[in-house]
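J.: Need a 3D model of the sequence below.
(3 chains)
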Amino acid sequence: MIALLLRDMTLAVRAGGGFGLGLAFFLIVVVLVPFGVGPEAAVLTRIAPGILWVAALLAALLSLDRIFALDWEDGSLPLLATSPLPLEAVALMKALAHWVTTGLPLTLAAPVLGFLLTLAPEAYVWLLASLALGTPALSMIGTFGAALTVGLRRGGLLMSLLVLPLYVPTLIFGAEAVRRGAEGTGATTPLLFMAGITFGTIALLPFAAAAALRVNLR
Amino acid sequence: MLSVENLSVARGGMPVLSGVSFTLAAGEALVLRGPNGIGKTTLLRTLAGLQPPLSGRIEMAEGAGAYASHADGIKAQLTVAENLAFWAEVHGGKLTDAVFEAFELTELRDRLAGTLSAGQKRRTGLARLGVVGRPVLFLDEPTVSLDRFSVRMFATFLRDTHLAGGGCAVIATHIDLGLEAPELDLTPYAAAWDAGGGADEAFL
Amino acid sequence: MSIWEYANPKKFIATTTPVIPWLFAAAGVAIVGALIWGFFFTPDDYRQGSTVKIIYLHVPSAMMAINTWVMMLVASLIWLVRRHHVSALAARAAAPVGIVMTLLALFTGAIWGQPMWGTWWAWDPRLTSFLILFLFYLGYVALWQAIDDPDTAADLTAVLCIVGSVFAVLSRYAVLFWNQGLHQGASLSLDAEENVADVFYYPLLLSLAGFVLLFLALVLLRTQTEIRVRRTRALLARSRRAAPEARA
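T.: Numbering: from 1, shown residues only, chains lettered A, B, ... in the order given. Here you go, the predicted model:
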């Protein structure tokens, strides 16, 4: 299992764009927002939690179709399926590799971008906490979506359509935690809800993803 | 080691082969023959457990089979050694120098797989079979894009290392590997056009 | 004699064909009757005036939007467990009906909301939930459309339906939490059931029965169509296989 994780991370680094692309996209979206809504600091402060979360979510979405597509194209996937690794573990490790190369850098970069959007000072710790807890769920749900659409020739767009509605609860609780953190009103509750979703998806979705992979490999 | 009894397989919901039976003991190989589209790949995928059979029985020790298809599963951004080390680790096997020697990869071991020629890449993909430590091999056209010298090298590996070491192999190929292996022509097993059992059967 | 016999495509078509016209007729009578009863023989609400009468379309379509998803979930589970093709095709057949019901609920809601709240749309938890449900339906239908092999499509959409159900319920609670978080206590409740008087209640019930009948008729008809499409496909595939032998 660790071998798969290390391989995927090595590939992400060597192929270029593993770490970089998502981060660059995150930055660009956040930079574009003030151009759209105007430079007023008060407005930006108000919408910063939501913008940061939506931008992070879209940046995570960007690299989802690479999770299985590359292994599908070069024939690694059937070889992994016939290896001693259970497909559930493959799905979990793939999600973990995606998180390490996408979710983790996004989380670490978010405070810097929060600065650009004049995020309320009290909210930074909640931004870090909610992204650190929430992005694993984004990766896991995305892995499930990628497993569903892996055999399709143009699966990327369809996958976005399938995955985005599944992102709704995570987004709501994540952005709500930051917003409440900024206002100083009980951000713990949404954070706990989101942690519940994250742990639930990590516990259950590998099975759904593996089932989808088996069907697609048939 | 591998016993197949009255096996029927389907592709895209339609039966393609029916009534295939054979047994392989340790050290034996079987070469599958037949025209394109007869169902060699489907049969091998079914034997490897990637798709369920329509009917019939496959008896094999759990986790004994390894599958190799037209696609190698070799990552262009990893070196030859890294590629093989990955598959060795996934299968809990060891990557030894003997494997590099058997497939003439010793000098290429630190080259990125993306810079290899098609034949060299194919050799790397076949060398994977040497590190997975699986006794039953299912090989789908293993000699594609290999030159005559490499084909002989691969046949030598199969005969002297794999089969001599107590393994067995089912191979779909259209060229002569130089193995003294029995051949199974699949043409007589082609499913009749009105054979039942496919996913569409309920609708006919 | 077990209920699963009706899962045989031919038996299913033979059994449902005589039923479908009656279902359509009964649905028509119930819905038209309920609308006439509701529009002309019930008083205007003292607060909402005549706008309240859209309730006879709004509430049944909203309920059917959710019930359709539940039916798809049950059919998907049956397909995964028992591998009856009719079940998978029924789930596929129901999805567009669900989409129409969801859209109907959203549009009638907007028409009702405009005079009542002064806005066509508000990010009220209930409205938002239906919008999200609509997105789930879209994804489900898109996945069916995208996959060529019918059994693969049936399996994958069934898995999506199950996972989607869990997330749809999660979204519902998340949205409730989110909106209350935005404006404390303020709520534009659409919950007409709680305080609806008897005089509105009975026509509403009749309309609801009509919608259920209409749903049944549409799903049975559409399932028949799906079965016939699948049968055509199977026959074509078989004739392609038979052709070389006929020539030989």
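
J.: so is B:G197 in a helix, a strand, or just coil?
T.: Recorded secondary structure, B:G197: coil (DSSP: H, G, I helix; E, B strand; the rest coil).

J.: residues near the closest residue to it other than its chain neighbours, how many?
T.: Using CB to CB, 6 or more residues apart in numbering or on different chains and skipping residues adjacent in sequence, the residue nearest B:G197 is B:L54, 4.5 Å away. To be clear about C-beta, it is placed using only N, CA and C from the backbone, and glycine gets the same treatment. Neighbour count of B:L54, defined by other CB atoms under 10 Å in any protein chain shown: 21.

J.: Surely B:L54 touches B:N6?
T.: No: B:L54 sits out of contact with B:N6 when judged by CB atoms under 8 Å, with a separation of 10.5 Å.

J.: residue contacts, C:N179?
T.: Counting by CB atoms under 8 Å, 6 or more residues apart in numbering or on different chains, C:N179 makes contact with C:W123, C:D124, C:P125, C:T128, C:S187.

J.: Could you do C:R231 as well?
T.: For C:R231, the contacting residues are B:F203, B:L204, C:P9, by CB under 8 Å, 6+ apart.

J.: Generate a PyMOL selection restricted to the buried subset of these.
T.: Under the burial definition 16 or more other CB atoms under 10 Å in any protein chain shown, those of these that qualify are selected in PyMOL by:
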select buried, (chain B and resi 203) or (chain C and resi 9)
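
J.: Flag every buried residue along the helix or strand harbouring C:G113.
T.: In the assignment (DSSP states H and E), C:G113 maps to helix C:85-117. Neighbour counts over helix C:85-117 (16+ other CB under 10 Å) mark C:85-102, C:104-106, C:108-109, C:112-113 as buried.

J.: give me the residue from chain B nearest chain A.
T.: B:A71 (2.5 Å; CB to the nearest CB).

J.: how many neighbours does that residue have?
T.: When counting by other CB under 10 Å, one arrives at 16 neighbours for B:A71.

J.: For it, which non-adjacent residue is spatially closest?
T.: Excluding its sequence neighbours, the residue lying closest to B:A71 (CB to CB, 6+ apart) is A:G75, at 2.5 Å.

J.: now B:R128
T.: B:W87 (4.9 Å).

J.: residues in contact with the one you found?
T.: A:L79, A:S83, B:G73, B:R128, B:V131, B:V132.

J.: State whether B:E59 is indeed within a strand.
T.: Yes: counting by three-state DSSP, B:E59 is part of a strand.

J.: contacting residues around residue 111?
T.: No chain was given, so I picked chain A. A:Y124, A:L127, A:L128.

J.: not what I meant, chain B
T.: B:R111 neighbours (CB under 8 Å, 6+ apart): B:T79, B:V80.

J.: how close does it get to B:V132?
T.: According to CB to CB, to the nearest Å, B:R111 and B:V132 sit 22 Å apart.

J.: Pull out the buried positions in stretch B:108-117.
T.: Here stretch B:108-117 shows B:L108, B:R109, B:L112, B:A113, B:L116 as buried, counting by 16+ other CB under 10 Å.

J.: where's it relative to the chain centroid, distance-wise?
T.: Taking CA atoms, centre = their mean, to the nearest Å, one finds the center of stretch B:108-117 at 23 Å from the center of the full chain.

J.: okay, who's weakest in the contacts of C:R231 by pLDDT?
T.: Minimum pLDDT for these is recorded at B:L204 (76).

J.: now that residue, nearest residue through space, not along the chain?
T.: That would be C:A234: by CB to CB, 6+ apart, it lies 5.6 Å from B:L204.

J.: and the angle for the top helix by length along chain C with helix C:85-117?
T.: As assigned by DSSP state H, the longest helix anywhere in chain C is helix C:198-247. Interaxial angle of helix C:198-247 relative to helix C:85-117 (axes from the mean of the first three to the mean of the last three CA atoms, to 10 degrees): 150 degrees.

J.: Mind checking the pLDDT average for helix C:198-247?
T.: For helix C:198-247, the mean confidence score works out to 86.

J.: Stretch A:51-70 now?
T.: 90.

J.: starting at the chain centroid, how far to it?
T.: Centroid separation between stretch A:51-70 and its chain, computed with CA atoms, centre = their mean, is 6 Å.

J.: right, is it up against chain C?
T.: No: figure legend: stretch A:51-70 not in contact with chain C (CB under 8 Å from any CB of the partner chain); closest approach 12.2 Å.

J.: And that stretch, end to end?
T.: Distance between the two ends of stretch A:51-70: 31 Å, counting by CA to CA, to the nearest Å.

J.: for chain B, what spans make up the strands?
T.: Along chain B, the segments classed as strands by DSSP state E run B:2-11, B:14-24, B:29-33, B:55-60, B:65-68, B:136-140, B:168-172, B:183-185.

J.: would you turn those strands into JSON lines with mean neighbour count and distance to chain A?
T.: Formatted as JSON lines, these follow (neighbours: other CB atoms under 10 Å in any protein chain shown; distance: least, CB to the nearest CB, whole Å):
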{"stretch": "strand B:2-11", "mean neighbour count": "19", "distance to chain A": "10"}
{"stretch": "strand B:14-24", "mean neighbour count": "19", "distance to chain A": "14"}
{"stretch": "strand B:29-33", "mean neighbour count": "19", "distance to chain A": "18"}
{"stretch": "strand B:55-60", "mean neighbour count": "14", "distance to chain A": "12"}
{"stretch": "strand B:65-68", "mean neighbour count": "24", "distance to chain A": "5"}
{"stretch": "strand B:136-140", "mean neighbour count": "23", "distance to chain A": "9"}
{"stretch": "strand B:168-172", "mean neighbour count": "24", "distance to chain A": "14"}
{"stretch": "strand B:183-185", "mean neighbour count": "14", "distance to chain A": "22"}
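
J.: what about those, which gets the closest to chain C?
T.: Smallest distance to chain C across those (CB to the nearest CB): 5.8 Å, for strand B:14-24.

J.: near chain C, anything from that closest one?
T.: Yes: counting by CB under 8 Å from any CB, chain C is contacted by strand B:14-24 at B:M14.

J.: centre of the chain versus that strand, how much separation?
T.: Between the centre of strand B:14-24 and the centre of its chain there are 16 Å (CA atoms, centre = their mean).

J.: check contacts around the residue nearest to B:A71.
T.: Neighbouring residues of A:G75 by CB under 8 Å, 6+ apart: B:S69, B:H70, B:A71, B:D72, B:G73.

J.: re the thing from before, in the contacts of A:P111, which residue is surrounded by the most others?
T.: Result: A:L127 is most packed of these (other CB under 10 Å), 27 neighbours.

J.: Give the closest residue to the residue in chain B positioned nearest to chain C in space, chain neighbours not counted.
T.: The minimum distance from chain B to chain C, using CB to the nearest CB, falls at B:D200 (3.5 Å). The shortest distance from B:D200 to any non-neighbouring residue, by CB to CB, 6+ apart, is to C:A234 (3.5 Å).

J.: Likewise for C:P43?
T.: Nearest non-adjacent residue to C:P43 (CB to CB, 6+ apart): C:V199, at 6.6 Å.

J.: The one you found and chain B: what is the separation?
T.: From C:V199 across to chain B, the span is 51 Å (CB to the nearest CB, to the nearest Å).

J.: Repeat that for A:P86.
T.: Counting by CB to the nearest CB - A:P86 and chain B are separated by 11 Å.

J.: What does that residue show for phi and psi?
T.: A:P86 has phi and psi values of phi -70, psi 150 when expressed as degrees, to the nearest 10.

J.: wait, it sits on A:A211?
T.: No: using CB under 8 Å, A:P86 is not in contact with A:A211, being 11.8 Å away.
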